[in-house]
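> Test case, fold it:
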Amino acid sequence: MALVRAVSTLRDAAGMTNQELIERSGMSSSYYYARLRGAAPWDANDIENIALALGTHPHEISRVAASAGSADEIEPKVRTRPAELGRRLSSIAGAPRADGSVFDVDALTSQLTERGVALEADEWTALVGGAGGADVRVRLLEGVSEYAGIPPAYLLDLDDQDALEAAEANLEFREALKISGADSISARAVGEVSPAALRAIAQSLRSISAQ
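Numbering: from 1, shown residues only. From the prediction side, this is the model:
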């Protein structure tokens, strides 16, 4: 309940009522009060919306909540399979981004920092190496997905076969573009193309490059 106390504390400090906070955050009354009662968990989007409504930063909500209790409530996590997650992160890091640029861990770290998400070098190394914990921060994986231009489901739902096929076909296509010398072409330009079609295009590009 530390997060509930933090929201209530900051709401009172801002001189706002619950109804005002509900309206400014864009939540429905039932959604807000279910979380205020502790009947449902807050997620990262809730924290960001509440912070915006209160005119503060999500970090401030985290700080106040942490002083009141466990910070685990604040940072939603997803259960993963470390080895498989590491394989997927390695695939992402080894391929060009959606705009053709090189995946750069320092740039990723900076972008995550702007989102209020910390990423230490040793944590990234552990995750990519499949040696991280099974429970990984949702916002971290969402940030990696956004930076790489890959649907979040590829990292957040390791059992989603459609997300797996779509993402890895896209990564293969990007690699083929790079090999062909067309790395300035955005992978987004292909639009809604099936994984099988993307792989066929990638094969054609590799064949042309080999000639």
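> What is the neighbour count of Leu85?
21 (other C-beta atoms under 10 Å). For every residue, glycine as well, the C-beta is placed using N, CA and C.
> quick check, it in a helix?
Yes: counting by DSSP: H, G, I helix; E, B strand; the rest coil, one finds Leu85 located in a helix.
> What helix or strand is the residue most central in space within the chain located in?
Centroid-nearest residue in the chain: Glu142, 0.5 Å away (criterion: C-alpha atoms, centre = their mean). Assigned by DSSP states H and E, Glu142 falls within helix 138-148.
> After that helix, which helix or strand is next?
helix 153-156.
> buried sites along that next one?
Neighbour counts over helix 153-156 (16 or more other C-beta atoms under 10 Å) mark 153-156 as buried.
> again, but for stretch 76-85
Of all the residues in stretch 76-85, those buried under the rule 16+ other C-beta under 10 Å are 76, 78, 80, 82, 85.
> Help me confirm that the fourth one comes into contact with Gly130.
Yes: counting by C-beta atoms under 8 Å, Pro82 does reach Gly130; the two are 4.9 Å apart.
> and the gap between the closest residue to Leu36 other than its chain neighbours and Pro58?
Excluding the flanking residues, the one nearest Leu36 by C-beta to C-beta, 6 or more residues apart in numbering is Val4, at 5.9 Å. Distance of Val4 to Pro58, given as C-beta to C-beta, to the nearest Å: 16 Å.
> Tell me which of the two has more neighbours.
Comparing Val4 with Pro58 by neighbour count (other C-beta under 10 Å), the higher total belongs to Pro58, at 20 against 17.
> any idea which element Asp46 lies in?
Here Asp46, judged by DSSP H and E, is contained in helix 44-54.
> outside of that helix, which residues touch it?
With C-beta atoms under 8 Å, 6 or more residues apart in numbering as the test, helix 44-54 has contacts from 3, 7, 10-11, 14, 16, 21, 24-27, 35, 57-58, 60-62, 74-76, 138-139, 142.
> Show the model's pLDDT score for the closest residue to Gly55 other than its chain neighbours.
Closest residue to Gly55 apart from its sequence neighbours, by C-beta to C-beta, 6+ apart: Ala14 at 6.8 Å. For Ala14, the pLDDT comes out at 90.
> Gly100 now?
Predicted confidence (pLDDT) for Gly100: 83.
> Now do the closest residue to Leu89 other than its chain neighbours against Thr9, distance only.
Nearest residue to Leu89, sequence neighbours excluded (C-beta to C-beta, 6+ apart): Val128, at 4.8 Å. Noted for Val128: a distance of 38 Å to Thr9, by C-beta to C-beta.
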